[in-house]
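Q: I would like the atomic coordinates for the input below:
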Amino acid sequence: MVSAAEGSGRPADMVDWELAVMTARRLAPAGPVVDADEARAVVADLKAFAAAAEDPVRSYTGLDGSSAPAPLVVVDRPGWSQANADGMRQLIDPLVAKLRAARPGPSSPLVEGVGPKLTGVETGALLAFLSSKVLGQFDPFYSDGDGAAGRLLLVAPNVVQVERELKVDPRDFRLWVCLHEETHRVQFTAVPWLRDHMRTQIVRFVEATDVDPSVLLSRVRAVVEAVVDSARGGDSDGPSLIDLVQSPEQKLVLDKVTATMSLLEGHADVVMDGVGPQVVPSVEEIRAKFQRRRRSSSGLDRTVRRLLGLEAKMRQYRDGARFVRGAVDRVGMVGFNRVWESADTLPTLEEISDPEAWVRRVHGPPAVTA
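A: Numbers count the residues shown, from 1 in each chain. Prediction:
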């Protein structure tokens, strides 16, 4: 990874990204034991099943993303951490620039040297934890300079570990995972404006960041109190770190992002379950065991998940799927697909819980018959 040079036109990093990736590699839990032949077979399966998922997803959703390239990459845990460090670095640049512009004067060499290393270690620890949890991920902001509309990452060791833990058919589980992740790829490649819309929301979130030191200090104290309370066995349903560091303006932006992410995750879950019975013989067993696994994490794991906002992520799957099913029940898949027309037809956070309200707003009130 190339560090930003003085005068490069981008702000100097406030995170030592090279150290973050090194820390993630060092702290990531060891993956499942596989020999070379099995490792090659897993990679081959994931690539083949991702390709095999394209037609069923297209047929079920009515979305065709074949005109926009989005490469598939099968990675290990360090590879996932590297990819996400690269993405985080790109997205955090506007905030870095804003924080530096708000400073009354230059920082001391000590702050410039030590600060990025501390945040690098912290970021690396976060990446290490997440790298053992993620099965797959679509990165809509990845660009290779050749027009790629994002890329799909599948984390091979995590897929193997979960299929072993659940004691399910490896072939079926790998295809089931690919159906979900391929749906995300189709969402962004078939709906080209969605990528820019998400990036715009991130920019707005950064623009709403309050960089007043006293405000930041009060939020840091609230974060520390939440961590201490959780460590003592406090309320596991309290706010996450993300909740604690938002300004009121950021909360408004986050509501929009949460609604969109709930739509995307719920849509992928509905597609995965809708297509599954046709191509994944043991889909009901896999879904039941996977749901039990989600609910049976340890107390410490639940605490970390809640603080990182991952419990909210689980709610996005559930609430988003309920919205998609409710809308499709009322207006069919073709009617539901109006959701992809523009940012104005995306559901609001309130509509995620009330699909009928979205149907009335986008489709109009139901016709009255004599």
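Q: wait, what's in contact with M22?
A: Under the criterion of Cβ atoms under 8 Å, 6 or more residues apart in numbering, the neighbours of M22 are G124. C-beta here means a position set from N, CA and C on the backbone, and glycine is covered the same way.
Q: Need the three-state assignment for Q137.
A: Three-state assignment for Q137 (DSSP: H, G, I helix; E, B strand; the rest coil): strand.
Q: Give me the distance between it and G79.
A: From Q137 across to G79, the span is 12 Å (Cβ to Cβ, to the nearest Å).
Q: Common neighbours of the two, please.
A: Taking Cβ under 8 Å, 6+ apart as the contact criterion, the common neighbours of Q137 and G79 are L153.
Q: Outline the domain layout of the chain.
A: Annotated domains of the chain cover 11-191, 193-363 [automatic domain parsing].
Q: Tabulate those domains (CSV), appending mean pLDDT.
A: Shown next, in CSV, are these (pLDDT from 0 to 100):
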stretch, mean pLDDT
domain 11-191, 85
domain 193-363, 78
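Q: starting at the chain centroid, how far to stretch 116-125?
A: When distances are taken as Cα atoms, centre = their mean, to the nearest Å, stretch 116-125 is centred 20 Å away from the chain's centroid.
Q: meant to ask about stretch 24-32
A: Here stretch 24-32 is found 20 Å from its chain centre; the criterion is Cα atoms, centre = their mean.
Q: Could I get the full set of helices for the stretch 151-300 of the chain?
A: Listed in chain order, the helices of the stretch 151-300 of the chain (DSSP state H, counting those that start in this stretch) span 156-166, 170-190, 193-207, 213-231, 241-244, 248-279, 283-295, 299-307.
Q: Got phi/psi on P192?
A: The phi and psi values for P192, taken as degrees, to the nearest 10, are phi -60, psi -30.
Q: Give me the nearest residue to it, chain neighbours excluded.
A: A68 (6.5 Å; Cβ to Cβ, 6 or more residues apart in numbering).
Q: isn't there a helix covering that neighbour?
A: No: applying three-state DSSP, one finds A68 to be coil, outside a helix.
Q: hang on, the earlier thing: of all the helices of the stretch 151-300 of the chain, which one is nearest A343?
A: Across the helices of the stretch 151-300 of the chain, A343 has its closest neighbour in helix 193-207 (5.2 Å, Cβ to Cβ).
Q: how big is the angle separating the closest one from helix 170-190?
A: 80 degrees (axes from the mean of the first three to the mean of the last three Cα atoms, to 10 degrees).
Q: ok, and for helix 193-207, which residues are buried?
A: In terms of neighbour count (16 or more other Cβ atoms under 10 Å), helix 193-207 has its buried residues at L194, R195, H197, M198, Q201, I202, F205, V206.
Q: same deal with stretch 141-160?
A: Buried residues in stretch 141-160, counted by 16+ other Cβ under 10 Å: 141-142, 149-160.
Q: quick one: terminal-to-terminal distance for that stretch?
A: Distance across stretch 141-160, first residue to last, is 27 Å (Cα to Cα, to the nearest Å).
Q: now it, how far from the chain's geometric center?
A: Centre-to-centre, stretch 141-160 and its host chain are 12 Å apart (Cα atoms, centre = their mean).
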